[in-house]
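Q: generate a structure from the sequence data that follows.
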Amino acid sequence: MDDVSLQTESALRVPSSPAHAAGTSTKSAVAASPRQARCVMRGIEKSYGTLPILRGVDLDIPEGSFAVLVGPSGCGKSTLLRVVAGLETADRGSVEIAQRDVTRMPPRDRDVAMVFQSYALYPHLTVRENLAFGLKLRGVAPAEIAKRIAEASSMLGLDGLLGRLPKDMSGGQRQRVAMGRAIVRHANLYLFDEPLSNLDAALRAEVRVEIRRLHDRLDATTLYVTHDQVEAMTLADTLWVMNGGVVEQRGAPLDVYERPRSRFVATFLGSPQMNLVEGVLVRRDGQWLADGGGIVTPIDDERFGGALTEGRAVSIGVRPHDFEVAGTAKAAATLRVEIVEALGFEAFAHGWLRASGPRIIARLEAHHARRARAGEAIALTVDPARVHLFDPSTGLSLDAHASRV
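A: You can find the predicted model right below:
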């Protein structure tokens with residue numbers, strides 16, 4: 001373990017509370033505790049030299065919820081997490097945890113537990129000793145330490161690994177030990193800093209499910225940082241999408257996915273990302289249409305309301321999964337296929353709507369994908385309710401119902 005990891009873990013150790021020393025089990029402690037475990041941040045600003053990292057971020061995590069900060073590298077999400085933990089000091093703003101102002105408190109006094117991307121396990125200690133180490137430093141009674149280790153080990157399937165050293169375990173097993181070390185803390189707030197980044201795809205899926213299962217079992221308040229949209233969508237109760245040091249949008253994952261408030265959110269969430277083409281609004285035969293880039297499609301009048309103006313320039317967005325093969329329906333676009341990615345139960349066709357237009361991706365059902373060939377034309381349609389419109393200059397959605405921050 002490097003010196004930074006050792007110092008960071010040491011900083012996060014918290015003296016034992018009377019409730020912890022009493023030997024209350026994890027589940028009953030959460031249920032009976034009078035603590036109102038929540039995290040509130042207001043106006044958080046942080047710069048490194050002249051480079052601003054966080055630009056007035058507000059965050060409010062209700063007790064027992066699973067909040068996920070998601071965004072690209074450099075957006076400030078990990079810095080914000082470290083501000084919550086007390087490992088970074090905000091230049092401006094306030095941090096409250098469990099109804100206590102902890103803005104100027106050292107990490108050890110904040111009652112938080114953190115799981116790191118690098119596991120941060122002591123290589124010379126067994127799993128049992130790693131789980132017990134922090135508790136021993138806080139003076140927790142040996143019987144209570146044994147009880148907490150047994151509980152965490154049972155939850156995480158570590159019973160057969162307690163005598164092993166970290167070097168004798170897989171990445172997934174090491175990450176479970178890191179989670180166990182957080183669980184035995186009985187903390188007010190659990191922080192996860194991209195804990196799955198070092199795992200392969202299969203292990204990420206497995207540990208992701210374990211993290212959510214543990215959260216639900218413990219009824220813990222959790223703040224989780226990731227750049228992976230799959231993790232964000234599947235884990236979160238509330239999603240906070242960050243970009244350039246600000247929160248672009250917050251809300252329930254499906255609400256954010258279906259009603260993105262900006263082009264950035266629309267293209268960041270969803271894989272493959274949303275197709276965007278430039279066009280204009282036209283009124284034809286009493287119906288509003290979005291016309292541009294090879295797409296001509298009706299749009300939902302009620303959804304966009306007063307934003308609909310004849311001739312207005314718009315960015316037209318359609319997710320690959322929302323295109324359908326037209327069949328007998330009137331086509332909204334015709335895709336000239338370049339490549340077909342066959343995935344078994346579905347496929348993605350890549351190509352152009354017109355020779356000089358942007359590349360487009362459309363999802364195809366397996367039976368359509370079998371017949372698709374490079375160079376062929378596929379007529380596509382889209383439900384008007386699934387068409388997104390954005391202002392080209394501001395990047396904001398024209399959807400009157402898209403959530404605002």
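
Q: from now on I want contacts and neighbour counts done on CA atoms only, so please keep to that.
A: Noted.

Q: residues in contact with stretch 396-404?
A: Stretch 396-404 is contacted by residues 249-251, 256, 259-263, 303-305, 307, 388-391 when judged by Cα atoms under 8 Å, 6 or more residues apart in numbering.

Q: so which bits of it are buried?
A: Within stretch 396-404, the residues scored as buried using 16 or more other Cα atoms under 10 Å are 396, 397, 398, 399, 402, 403.

Q: contacting residues around the closest residue to residue 388 other than its chain neighbours?
A: Leaving aside its chain neighbours, residue 388 sits nearest to residue 317 (4.7 Å; criterion: Cα to Cα, 6 or more residues apart in numbering). Taking Cα under 8 Å, 6+ apart, we find residue 317 in contact with 274, 275, 276, 277, 387, 388, 389, 390.

Q: try it again with 7 Å
A: 274, 275, 276, 277, 387, 388, 389 (Cα atoms under 7 Å, 6 or more residues apart in numbering).

Q: number of nearby residues for the fourth one?
A: It refers to residue 277. Residue 277: 19 surrounding residues under other Cα atoms under 10 Å.

Q: quick one: mean pLDDT over the helix ranked longest in the chain.
A: Longest among the helix segments of the chain by residue count, using DSSP state H, is helix 201-218. Averaging pLDDT along helix 201-218 yields 88.

Q: relative to helix 201-218, how tilted is the helix or strand following it?
A: Proceeding N to C from helix 201-218, the next assigned helix or strand is strand 222-226, under DSSP states H and E. Angle, strand 222-226 to helix 201-218, by axes from the mean of the first three to the mean of the last three Cα atoms, to 10 degrees: 160 degrees.

Q: apart from its neighbours in sequence, what residue is nearest residue 47?
A: Among residues not flanking residue 47 along the chain, residue 53 sits closest, at 5.2 Å (Cα to Cα, 6+ apart).

Q: list the contacts for that neighbour?
A: 46, 47, 76, 245.

Q: circling back: filter the contacts of stretch 396-404 down to the buried ones and hand me the PyMOL line.
A: Here is the PyMOL selection string for the buried members of those, based on 16+ other Cα under 10 Å:
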select buried, resi 249+250+251+256+259+260+261+262+263+303+304+388+389+390+391
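
Q: narrow the contacts of stretch 396-404 to those in strands?
A: Counting by DSSP state E, the part of the contacts of stretch 396-404 found in strands is 249, 250, 251, 388, 389, 390.

Q: pLDDT added to those residues, as CSV?
A: Listed next are those as CSV, based on pLDDT from 0 to 100:
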residue, pLDDT
249, 96
250, 96
251, 95
388, 97
389, 97
390, 97
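
Q: buried sites along stretch 323-342?
A: In stretch 323-342, counting by 16+ other Cα under 10 Å, buried: 323-326, 331-338, 340, 342.

Q: so which of the residues you listed is the closest to residue 290?
A: Within the buried residues of stretch 323-342, the smallest distance to residue 290 is 9.8 Å, found for residue 332 (Cα to Cα).

Q: and the gap between that closest one and residue 387?
A: Separation of residue 332 from residue 387 (Cα to Cα, to the nearest Å): 11 Å.

Q: for residue 120, same thing?
A: Residue 120 sits 46 Å away from residue 387, going by Cα to Cα.

Q: and if you look at residue 309?
A: Distance from residue 309 to residue 387, by Cα to Cα: 16 Å.

Q: and what of residue 41?
A: To residue 387, residue 41 is 35 Å away according to Cα to Cα.

Q: who's more crowded, those two?
A: Counted by other Cα under 10 Å, residue 41 and residue 387 do not tie: residue 41 has more neighbours, with 21 against 18.
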